[in-house]
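[1] Have a look; sequence and predicted model below, questions after that.
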Amino acid sequence: MSTIYVDGKPLTASPGDTILDALLRNGISHPHVCYQAKLGPLQTCDTCLVAVDGRQVRACATATIDGMHVDASSAGIAAARLDRMGQLLLNHNLYCTVCDKNNGDCVLHNTALGMGIQRHDFRPKPYPVDASNPFFQYNPNQCILCGRCVEACQDLVVNEVLSIDWSLNPPRVVFDHGKDANHSSCVSCGTCSTVCPVDALLEKSIVGEASHFSRISAPTKEKLVQLSQTLIPTEELWAISELEAKARQASITRTKTVCTFCGVGCAFDVWTRGRKILKVMPREESPANGLATCVKGKFGWSFVNSPERLTSPLVRRNGTFVPVGWDEAIEYVAQRLREVKERHGPDSIGVIATCTGTDEEAYLTQKLARQVIGTHNIDNCARYCQAPASMGLIRTVGVGADSGNFEEIAASDLVVLCGTNTAEAHPVLASKIKRAQKTRGQKVIVLDVRRHEMAERADLFVKTAPGADLAIANAVAKYVLDHGWQDRTFIEDRTSNFDAYVQSLEPFTLEFAERVSGVPRATLVRLAEMVHAARTMCILWAMGITQHGAGSDTCTALCNLLLLTGNFGKPATGGYPLRGHCNVQGVSDFGALPTFLPGYQRWDDPEVVRRFERGWNVTLPKKKGLTSTEMTDAALDGRLHAMYIIGEDKLLADANQAKVAEAFRTLDFLVVQELFLTRTAEFADVILPVAASLEKEGTFVSSERRLQRLNVAMPPLAGTKTDFEVVQRIARAMGADWNYAGPREVLEEVAALTPAFAGATWERLEGFRSLFWPVAASGEDTPYLYRDRFAFPDGRAHFFPTAWTEPERPDAEYDLSLDNGRMLEHFHWGNLTALSEGIEQKVPEIFLEISPELAAERGIENGDLVRVTSRTGSLRVNALVTKRVEGKTLFLSLHDAERRTVNQLTGDRRDPPTQTPAYKELAVKIEKVATGSGAEPEPPLPRTNPRFATRVPQRGVLVEQKWARPDYRPLGG
Amino acid sequence: MAEPIHEVAAPATPTPPELLAEEVQGSKEAVANFLELLRVLDEQGLLRTMTDFLRSNEEILRFAADWLSRPRNLRAVQNLRRVLETLDRVDPERLDRILTEVTEAVERAAAVEPAGPRLGGFAVMRQLGEPETNRGLRVLLAALSKFGTVGERESEDGS
């Protein structure tokens, strides 16, 4: 700590503090506009000037020195700041009363008001508003050129689209050096509009909605603004705008919630008026994401108010769905489930918990299955994605979850991304990696079958064959061992079964790995060398690893490699399966799994069983439960007679769609709980319409084991109820004595029964606070696991040997490999995101990615209609020729709910330990069905999609170019 | 064998909006007009403005009171009140006559060419002799005489 003297008064400064940091931390208000804590000093606005030793300096960028004397308030320095603010205001018309940004958080308004600005000259710029992007607009006339948007775009989220062209007169923000926003490489993450301190970059959803006067037509508004600025003194104008802004607050509600579009767990305020969503606003204190969002989280919420939502329970009668009241529907469901249970036993019923519901809803769902129905047949969509990851982690380190948090990833020397298209599936996490790579030289290795954005950015891109990652991981491990690069101390002190592991690596020579993966030996060596060179390493993986016939073993091999190199149990290390759904982690954590009660307590552990039997006043079932995929088999062979599926479109999500449809047809009774009439719901006997996440409260657990609360932003749509209420009502109708007032009571029950959540209380999760489980009763949480011991009785990690399993490969007839996965813009089948007009503009339909060489070989051009056929089924889709795929690999995205879903093609191959389908081992053949329409071959992806543009990276806002302009006056002495 | 169903049947029982529609059938024209008024108010943003100002009544009042309580604003309001009090004692017809004449005088003054020939002492005397100028002078002198008593009254009041 050091002491500085501000206007003669001593002030404590922390190491590394700038003068502005020290002032703000000590509660001293000091003007600043371009500075934002998450972005750092940009030095473009000069409104924070202070004097040190008689010399003007920017407080935001001047480090404190012990004993420093700072003049912050003398008349001279105050006048200098006013002068600089005047320069800034030349770029911005202060029409705050009619401005949709003036909601109490306009940085420029608040700063100018605080500085007592009484005079305001404005110099309009000769540039039109760019409203081409469907989600936000850029108004150069109001842009103060602070560069916050540029810094955020370039170095925070690292999408590298924006810059300020300082050579223009006057300068302005440009997209891809001068395109319109909609044709640029902008991925519409919206972070620029989040950080913009004025109304220059503004979400379209709030335009005309915040100010009471913003619906006045533009010409009238302009005249009124001119008139009021002429007639009314500035001080009175400030007062009027303050008054009007206060009135706005009466009808704008800001509610903290958690995003539902992936497992990153972005938290933000959602601004609403009634049911209207005005905008999504992440905050500095948003724990996982800070100021960042992706296009879905920021702009993808139209579905909440879609007229397509179900608003009445529906019962199948005479070949149609008939709306009925809630009482009738609940009683009918309870009666039919009771009948099936009495006739065929409790294990003839299967229950699926929703991964987009809350933890508390998941807990109630599994409790309904176990306590009320009496079966362990409870599962969730983790079965389709990360169950093999949990298996790999449980085998080796003991806990089936991310071993650390996203900050550990950002802090690591080396990040290895295996089978994860992170920039599209987990974009905000990808930004952290891109930022670490760009700003501090973190190394990134990508193993993937496809050249996606992270592959383009990687220091080493390893293009693999599908299903070959186990061979690569083990070959690298063997190479490390052969060179004596293993962490001997760690292995000796903290692991077991090392010798068996070493022995298991014998077959995994570089030659073998090269043969099965297609990766050149030299690349494998380079990979091993990079692993060896890194002091800390994190391995991240997703469906490209897990959705294979050897998914569990591959995850295990990656964990073994981390153990071999000592990369568990310390900061900036660990294994990270990236969860796809917002709460797939939490739903598993809270017990919606056939073999685990809440907190991963085994279903057959006598002590655990005793505790839950006491807590629930019931005798728990003794038979092992079925996984979701096994439920399909059981329905077909007559063991399963009823299913209760909550928030999962199983028909589209499970492999081999025709088989799943057949399973549904054989059921005696199917209840589906949903927002929309999904393809699965179409098979139901009863459909129960439920609330969206914005309409309910509870907690989620994100991919990094982070517990967060979400709150009610708007009441459930008329006619719908929360999953919480529906499950409780069914339980009561089936005779259970449940009387939970809300999720808080459920969380308390979980905490009492589950050591991992002992200290997880409602209060500790208030606002933007969060906790990493396990949480001790004291409230101490666990940012990273295994610091002191691994989760085995002996406290040691366990090397788990793995062997090679040959994946399904193309053959003479089915000669191509079909990969599948997500795109940035959409979520799953598009049930939700396809209801966003803007997203539909960017990606209106799915398409088949085909490599230029294969397209040439088969005579296929952009837009041609192609039939894709596997051993299971076929579909027709338009082709897009792209270098993202190579050779005989094709890619089809998931986002179609009708006749082009990839699971029309997938088969029955599964990962044996977890029964997760091998979605990504799929041999297909293709044939051209029709030529694309139009004279020129046009891709099925609009030209306004960012994939057609090229990013324009630079470091920050390049303020030096501003300072070099002839119209810039250097700071005074 | 449950085959998929793609459509939902129309509800058998009236929904709450339908019940409401039935209730207002008797005065549907008035309701329609009222709804039209609401629609226009909403389109113009006035409905929200009114609602918001009503909702935040307390806060706005507090803000307005704080703002008006500043000495500068207080003085302005007090002076405005005095002006209004004074105005309500003046006969509108007489004020109207005076204002009309002042307007005409201003217009005439504006018509005078400032760069015209120099006005000498005799010319001034001649001008004073004209009935219109003379009448104007009498009005001005009467007013000046009245202003002169202001200082006396302030001394008598001890102010």
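    Right, received. Where do you want to start?
[2] chain center to stretch A:14-28: distance?
    Taking Cα atoms, centre = their mean, to the nearest Å, one finds the center of stretch A:14-28 at 33 Å from the center of the full chain.
[3] Stretch A:765-777 too?
    19 Å.
[4] tell me the mean pLDDT for it?
    Averaging pLDDT along stretch A:765-777 yields 98.
[5] Which helix runs longest in chain B?
    helix B:131-157 (DSSP state H).
[6] same for that one, what does it pack against?
    helix B:121-129 (3 or more Cβ pairs under 8 Å, 6 or more residues apart in numbering or on different chains; DSSP states H and E). (Glycine included, C-beta is placed from N, CA and C.)
[7] Check the offset of the helix it packs on from the chain's centre.
    For helix B:121-129, the distance to the chain centre is 44 Å (Cα atoms, centre = their mean).
[8] Could you show which parts of the stretch 401-550 of chain A are in contact with chain B?
    By Cβ under 8 Å from any Cβ of the partner chain, no residue of the stretch 401-550 of chain A approaches chain B.
[9] low pLDDT regions in the stretch 401-550 of chain A?
    Within the stretch 401-550 of chain A, not a single segment meets pLDDT under 70.
[10] Could you pull out the strands in it for me?
    A:414-418, A:443-448, A:460-463, A:495-496, A:537-541 (DSSP state E, counting those that start in this stretch).
[11] again, but for the stretch 51-200 of chain A
    A:55-58, A:69-71, A:136-138, A:162-165, A:172-175.
[12] packing partners for the third one?
    Just to be clear, that refers to strand A:136-138. Counting by 3+ Cβ pairs under 8 Å, 6+ apart, strand A:136-138 packs on strand A:201-203.
[13] What's the first helix or strand after the strand it packs on?
    helix A:218-231 (DSSP states H and E).
[14] I'd like the mean pLDDT over that next one, please.
    Here helix A:218-231 scores 77 as its mean pLDDT.
[15] is that helix anywhere near chain B?
    No: using Cβ under 8 Å from any Cβ, helix A:218-231 never reaches chain B; the gap is at least 11.6 Å.
[16] Distance from the chain centre to that helix, please.
    Worked out by Cα atoms, centre = their mean, helix A:218-231 lies 43 Å from the chain centre.
[17] For that helix, buried residues please.
    A:221, A:225, A:228-229 (16 or more other Cβ atoms under 10 Å in any protein chain shown).
[18] now do stretch A:334-343
    Under 16+ other Cβ under 10 Å, the buried positions of stretch A:334-343 are A:334, A:336-337, A:340-341.
[19] and which of those is nearest to chain B?
    Closest approach to chain B among the buried residues of stretch A:334-343 (Cβ to the nearest Cβ): A:Arg336, at 12.4 Å.
[20] Let's verify that closest one: helix, strand, or coil?
    helix (DSSP: H, G, I helix; E, B strand; the rest coil).
[21] so A:Glu662 sits in a helix?
    Yes: assessed by three-state DSSP, A:Glu662 belongs to a helix.
[22] May I have the residues that are in contact with it?
    Contact partners of A:Glu662, counting by Cβ atoms under 8 Å, 6 or more residues apart in numbering or on different chains, are A:Leu636.
[23] gap between A:Ala897 and A:Phe676?
    As judged by Cβ to Cβ, to the nearest Å, A:Ala897 and A:Phe676 stand 9 Å apart.
[24] Please enumerate the shared neighbours of these two.
    A:Asn831.
[25] Show me what the helix or strand bottoming out on mean pLDDT in chain A is packed up against.
    One helix or strand of chain A scores below all others by mean pLDDT, DSSP states H and E: helix A:218-231, with a mean of 77. Using 3+ Cβ pairs under 8 Å, 6+ apart, the elements in contact with helix A:218-231 are helix A:234-249.
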